[in-house]
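Visitor: quick check, what structure comes out for this input:
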Amino acid sequence: MHIVCLDLEGVLVPEIWIAFSEESGIPELKITTRDEPDYGKLMNYRIKILKEHGLGLKEIQDTIRKIEPLEGAKEFLDELRKLGQVIIISDTFTQFAAPLMEKLGFPTLMCNELVIGENGEVTGLARQSIGYDTVASGDSFNDLAMIQAGKAGFLFRTTEQIKKDYPDIPAFETYDELLNAIKGVI
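Guide: Okay, the predicted model is just below:
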């Protein structure tokens, strides 16, 4: 199996910060990682400018909702998924990505998170590691390690013996039950 890794901005969608720069009329926000190699320095600069102008997450998200994928990007992703797994690895943020991922057919995304103050002000950056909170489900003994290793785990259509041996693991028989259990932890 092959895994194709793609960047998001500039490859599948326009650069978010450039779009926000144009929307807000603040040319200093046009600087991207093409211009500044030190990502931490760039983000601190952006956060400073946002604060100076009294702008926060809401204003950025309002701009992002207007952004459309680059011409042919969705179709390109659809074709790639026929060949193998596709993962978007980006320096964007979960708070930015949701409407874009929907427009692209929800590819797998690995990205950062912003730290947001109570008033919606962007206050920092929480870079993500490759570590994820996982939710797992399976039906057999060989699935137990996976189920027990994650944030949450569930048995699905398993045997009575496994249910008896592992009473601490919730067990479900229908997809609706399993979906509701997963929704309860993510």
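Visitor: can you pull out the low-pLDDT segments for this protein?
Guide: Low-confidence segments of the chain, defined by pLDDT under 70, are located at 1, 128-132.
Visitor: which residues of it fall in helices?
Guide: Applying DSSP state H to the chain gives helices spanning 16-24, 39-52, 57-64, 73-83, 94-103, 144-149, 160-165, 175-183.
Visitor: pull out the buried residues from the last one.
Guide: Of the residues in helix 175-183, those buried under the neighbour-count criterion (16 or more other C-beta atoms under 10 Å) are 178, 181. Any C-beta I mention is one placed from the backbone N, CA and C, and that applies to glycine too.
Visitor: same check, this time on the longest one
Guide: Judged by neighbour count using 16+ other C-beta under 10 Å, the buried positions of helix 39-52 are 42-43, 46-47, 49-50.
Visitor: give the residue farthest from the middle of this protein.
Guide: residue 161 (37.5 Å; C-alpha atoms, centre = their mean).
Visitor: related to what we said a few turns ago, out of the buried residues of helix 39-52, which is nearest to residue 19?
Guide: If you rank those by distance to residue 19 using C-beta to C-beta, residue 46 comes first, at 13.5 Å.
Visitor: okay, the closest one and residue 24: tell me how far apart.
Guide: Distance, residue 46 to residue 24, using C-beta to C-beta, to the nearest Å: 12 Å.
Visitor: related to what we said a few turns ago, now tabulate the buried residues of helix 39-52 in a markdown table and tack on distance to residue 125.
Guide: Formatted as a markdown table, the buried residues of helix 39-52 follow (distance: C-beta to C-beta, whole Å):
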| residue | distance to residue 125 |
| --- | --- |
| 42 | 10 |
| 43 | 5 |
| 46 | 9 |
| 47 | 8 |
| 49 | 14 |
| 50 | 12 |
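Visitor: would you point out the most distant pair within the residues you listed?
Guide: Farthest-apart pair in those is 42 and 50; separation 12.7 Å (C-beta to C-beta).
Visitor: quick check: residue 126 touching residue 95?
Guide: No. At 10.6 Å, residue 126 does not count as touching residue 95 under the criterion of C-beta atoms under 8 Å.
Visitor: what do those two both touch?
Guide: The contact sets of residue 126 and residue 95 overlap at 113-114 (C-beta atoms under 8 Å, 6 or more residues apart in numbering).
Visitor: out of those two, which sits in the busier spot?
Guide: Between residue 126 and residue 95, counted using other C-beta atoms under 10 Å, residue 95 has the larger neighbour count: 16 against 11.
Visitor: which residues does the more buried one contact?
Guide: Residue 95 neighbours (C-beta under 8 Å, 6+ apart): 57, 61, 113-114, 116.
Visitor: of these, closest to residue 180?
Guide: Closest approach to residue 180 among the contacts of residue 95 (C-beta to C-beta): residue 113, at 25.9 Å.
Visitor: could you check how far that closest one is from residue 145?
Guide: Separation of residue 113 from residue 145 (C-beta to C-beta) stands at 28 Å.
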